[in-house]
Every structure is written in structure tokens, then in C-alpha cells.
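Colleague: Here is my input; please provide its structure:
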Amino acid sequence: MNKKYIETFVAVFFLLIASAVTSFADSPKASPAPDRTRFATINLEKIIAATRNPADNRKIILRPTRPVFFSSKVKRLPEKRKIEYIYTALRVAGGLDPMPEVSHRMFVESKGGSIIPVYVEDMAARKISRNLRVDQVVQFYAYHVYNYSKGPAFLVVDYEGEAGR
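Modeller: Model prediction:
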């Protein structure tokens, strides 16, 4: 292993350890409606292509949370899951206060046909489950939290588009 890789690994390791010992007394709270003017429009297919690296299945690149807006097709509606890693990543990355409540995951498809899982904030999950349907194309407001071998990790907090139910 080269020295730079080891230094990066050690830095990320200590950031994760530091976040694990921070106070967990701050329980997640419902996030307010997003300020839509802060969300930069991205090309989801290009972001997926730029971040996917199946050969490196252990590497996670934490990044400051970045508000993004993208169009995609709903492939699976939100499902309740045990989700803990997103809280660690959000604490390390910072940028969201109050901390959102996240216990759902769903799948979306880019225009190019790439399918990725996304985390979904609980209030957004209820709204999506009530109003959207599978294969409906909508625009999502999300935070780009980290990258890993399968692509980007997003936290969806809202959407724009007509109800499909």
C-alpha cells in the first residue's frame, strides 16, 4: 500500500472514531423544509459514472454535505430499514442542523438506466409513499453525503413533481 492511501485511511478512521464518541444524546429531529435556492442541479448519470468503482469495494469517501437537485425515476418506494451509518457520515460531514430523522431507503434510476439506493428522510418518505408510484419521474432534493464503490450516497429530503397515485 502506498503512503498516501494509508494516511487517508487513518484520517477517515479517526474521524469515524471521533464521531462515534460524540454525544448521542442529540436525538435526530425532523428537518425543516429545504431552502430550494441552495440546491444545485446535477446530472445524476454523470455523478454515478464518476463515483462508481466496483474494484474498490472498501473505500468510502466522506465529503461535506452538498445540497443537490436531480431528476430520476422511482424504482422502489421508501422502505423502513435499520439505518445507522448515515448518522455517522452526517456527523462527520456536517452541514445539517438539526439532524434529520432517517429510517427509510428507496431506489431511483437515472436517465441512463443506472439504479442506486438513496436514504430518505422520514417526513419525505411518508410524502413519497403517499403521492408517488414506481416508474414515475420526479425531481428530488437531496444531500450528497459520501461516495462509495457503488456510486454516490444521497439523502433525499423532498421532491417536485405531480402526484402519481
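Colleague: What ranges in the protein fall below the confidence cut-off?
Modeller: By pLDDT under 70, the low-scoring segments of the chain are 1-36, 54, 56-58, 163-165.
Colleague: Following element in sequence after the lengthiest strand in it, please.
Modeller: Looking only at the chain and at elements set by DSSP state E, the strand with the highest residue count is strand 60-80. Sequence-wise, the next helix or strand downstream of strand 60-80 (DSSP states H and E) is helix 85-93.
Colleague: could you check the angle strand 60-80 makes with that next one?
Modeller: 140 degrees (axes from the mean of the first three to the mean of the last three Cα atoms, to 10 degrees).
Colleague: So for helix 85-93, what gets flagged as buried?
Modeller: For helix 85-93, the neighbour count (16 or more other Cβ atoms under 10 Å) marks 86-93 as buried. Placement of C-beta: from N, CA and C, glycine included.
Colleague: repeat for stretch 103-111
Modeller: 103-110.
Colleague: again, but for stretch 115-127
Modeller: Quick answer for stretch 115-127 (16+ other Cβ under 10 Å): 116-125, 127.
Colleague: follow-up on the earlier one: nearest to Ala142 among the buried residues of stretch 103-111?
Modeller: Distance to Ala142 across the buried residues of stretch 103-111 (Cβ to Cβ) is lowest for Val108, with 9.4 Å.
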